[in-house]
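Return a 3D structure for these sequence lines:
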Amino acid sequence: MPEPWKQRLDAIISEKRDEVRDLRRHLHAFPEPSGAELATSMHLYQLLGQLGVDVQMGPEGCGVIADSLAPKDKTLGRIAVRGDIDALQIQDEKTTPYRSTHPGIMHACGHDAHSAIAYGVVQALVALTESGELPWPICWRVIFQPAEETAAGAAQMIEMDVLADVEKIFALHVDPTRRTGEIALRSGPMTASCDSVQLTITGRGGHAARPHESRDPIAAAAQVISSLYQFVPRATDTHDAVVLTFGSIQGGTNPNIIPDHVELHGTMRTLDSRVRTRTIEQIQQVIRGVEGITGTKIEFTLDASIPSVVNDANSTALLWQAAEEVIGAKNVQLITRPSMGSEDFACYLEQVPGAMFRLGSAADLAAITPLHTPKFDIDEGALEIGVRVLARSVVAACATNATSNQSA
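From the prediction side, this is the model:
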């Protein structure tokens, strides 16, 4: 039989499930891209204000921070939950009533679900506090973060000092490759570090009929991409994971004109800082070789770097126990290998311990709609599970904090 506070918490979350679902649908219907989440933030700010918690807006009106009222025990550190709020620039091709009403923008990565779940956590913790059935004092902060997709939002929120007094932080990400009712997590590295790569190749333009009179940056671009794709994997230990991909090539205006310069934009992902350093050195080595062969100048820059999500062992254990209580031990799965995807939740974990888990969100694995695709959707039954696991974890973590503070 669950402890009384857990029974009460579950009952509260069940009572509020429709409100969480409706918020998710509202956010899905009115998505906003990274750095422009003004209406989203105001909507959340107003809803949270009605719950009677301390609320403040994020930088330039994007993002929201909700805090529990100050506890009597001033030594208690806060337990934080992060939800992200930005959408992607993808056209929604679903036919659901809540499909995006904003052309070319949709929640194709589940951030609407993450935000709705985070709101549900606030609802549940406020109601449990008001019921007088808390097992011990709790102190929490819920961060509704903008601009996750551009890797800028976490850093912006940290600059606002949202981690002040925070002892632990939790987050989740919906996973359409797992059934609703399943959760997956791991201690240690969970995602790859990600660096935005830009190569600017400067040559000398000319007539397409007389390439010998020019220093062709398009030819150099082809050479550098081919060499990097071949050389980097061959120079990397087969036990180490490295992904280098260029997704954008920009240069030239006419088919019969050799341009002066070309820009390449891509991404580099690694799981180990030493491998990252070696890979950067390998890229620079290839660049020097191509410069010598082609007579061009190649400028190499890294930008918007995100570290790996590294889950803290204690925080992972708290999430694991809560998940087993909510969905049963057989439905909690170990992630055996880190993902080569990236997540700027990692920036918080560089400052305080915490953990992220994968929340199964597929009703039918035979009809998966992958992340970042025009028909992406979730089984909304996953929302209540996410709220339950995170809310329980926050309360449990507060017990651990209280014990630690008393010992100190």
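
which element follows the helix or strand hosting residue 47 toward the C-terminus?
Using DSSP states H and E, residue 47 sits in helix 38-49. Per DSSP H and E, the first helix or strand lying C-terminal to helix 38-49 is strand 54-57.

Quick one: list the elements packing against the helix or strand following that following strand.
Where DSSP H and E defines the elements, the next helix or strand beyond strand 54-57 is strand 64-67. Strand 64-67 is packed against helix 38-49, strand 54-57, strand 140-145, with contacts defined by 3 or more C-beta pairs under 8 Å, 6 or more residues apart in numbering; DSSP states H and E. Glycine gets a C-beta too; all of them are placed from N, C-alpha and C.

So which other helices or strands are in contact with the longest one?
Spelled out, it's helix 38-49. If you count contacts as 3+ C-beta pairs under 8 Å, 6+ apart, helix 38-49 packs onto helix 17-29, strand 54-57, strand 64-67, helix 111-131.

do that again at 6 Å, thanks
Where contact means 3 or more C-beta pairs under 6 Å, 6 or more residues apart in numbering; DSSP states H and E, helix 38-49 is packed against strand 54-57, strand 64-67.

Mean neighbour count for those - can I get that in TSV?
Formatted as TSV, the helices and strands packed on helix 38-49 follow (neighbours: other C-beta atoms under 10 Å):
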stretch	mean neighbour count
strand 54-57	16
strand 64-67	24
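
Those strands: which one's closest to residue 243?
If you check each of the helices and strands packed on helix 38-49 against residue 243 by C-beta to C-beta, strand 64-67 wins as the nearest, at 33.6 Å.

May I have the strands that pair with the closest one, each with its orientation?
Each strand that pairs with strand 64-67, with its direction, by DSSP bridges: strand 54-57 (antiparallel), strand 140-145 (antiparallel).

pLDDT on the longest one, on average?
If I follow you right, that is strand 140-145. Strand 140-145 comes out with an average pLDDT of 98.

The first one too?
Summarised as a single mean, pLDDT over strand 54-57 is 97.

list the buried ones in stretch 313-327?
The neighbour-count criterion (16 or more other C-beta atoms under 10 Å) identifies 315-316, 318-323, 325-327 as the buried residues of stretch 313-327.

Run through who's touching it.
168, 181, 183, 185, 187, 332, 353-355, 357, 388-389, 392-393, 396-397 (C-beta atoms under 6 Å, 6 or more residues apart in numbering).

How far off centre is it?
The chain centre lies 20 Å from the centre of stretch 313-327; the measure is C-alpha atoms, centre = their mean, to the nearest Å.

Ok, stretch 258-274 next?
Worked out by C-alpha atoms, centre = their mean, stretch 258-274 lies 21 Å from the chain centre.

can you give me the end-to-end distance of that stretch?
Stretch 258-274 has its terminal residues 39 Å apart, counting by C-alpha to C-alpha, to the nearest Å.

can you give me the offset of the longest strand along the chain from its chain's centre?
Counting residues, the longest strand found in the chain (DSSP state E) is strand 166-179. Centre-to-centre, strand 166-179 and its host chain are 9 Å apart (C-alpha atoms, centre = their mean).

Given it, what are its sheet partners and their directions?
strand 78-84 (parallel), strand 354-362 (parallel).

for the following helix or strand past it, what is the average pLDDT?
Using DSSP H and E, the helix or strand that follows strand 166-179 in sequence is strand 183-185. The average pLDDT for strand 183-185 rounds to 98.

residues in contact with strand 183-185?
316, 319, 323, 332-333, 335, 357-358.

now with 10 Å?
Residues outside strand 183-185 that contact it (C-beta atoms under 10 Å, 6 or more residues apart in numbering) are 172, 175, 177-178, 190, 311, 315-317, 319-320, 322-324, 326-327, 331-336, 355-360, 382, 385-386, 389.
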